[in-house]
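Novice: got a predicted structure here, sequence first:
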Amino acid sequence: MKELLRTNDPTVIAFATTLLSGEGIDWFELDVNMSILEGSIGIMPRRIMVADRDHFLAMSVMRDNEIDIGR
């Protein structure tokens, strides 16, 4: 798996995962439970991971929808 996106904005995560699901790309969200450690203040970024074979397509979907993937 490769990291596609890292953000602490829950709206970006929701939008990105909806787009990926719509394209049939399987994704996995890491660091979801870090809010327990940080006290739910949202400073720890969460990561969206995709399979290696889907990474190029997933990056294209993010760029087409103007989601900053930090690359």
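Specialist: That came through, no problem.

Novice: CA atoms for contacts and neighbours, from now on please.
Specialist: Fine.

Novice: please identify the buried residues of stretch 55-69?
Specialist: Neighbour counts using 16 or more other C-alpha atoms under 10 Å place 55, 58-59, 61-62, 67 of stretch 55-69 among the buried residues.

Novice: surely D54 meets G24?
Specialist: No. With contact taken as C-alpha atoms under 8 Å, D54 and G24 are classed as non-touching, separated by 9.6 Å.

Novice: more neighbours, those two?
Specialist: In this view D54 and G24 are compared by other C-alpha atoms under 10 Å, and D54 has more residues nearby, 18 against 11.

Novice: next up, the contacts around the spatially closest residue to V50 that is not a sequence neighbour.
Specialist: Taking C-alpha to C-alpha, 6 or more residues apart in numbering as the measure, V50 lies nearest to W27, with 4.7 Å between them; neighbours along the chain are not counted. Applying C-alpha atoms under 8 Å, 6 or more residues apart in numbering, we find W27 in contact with 17, 20-21, 48-51.
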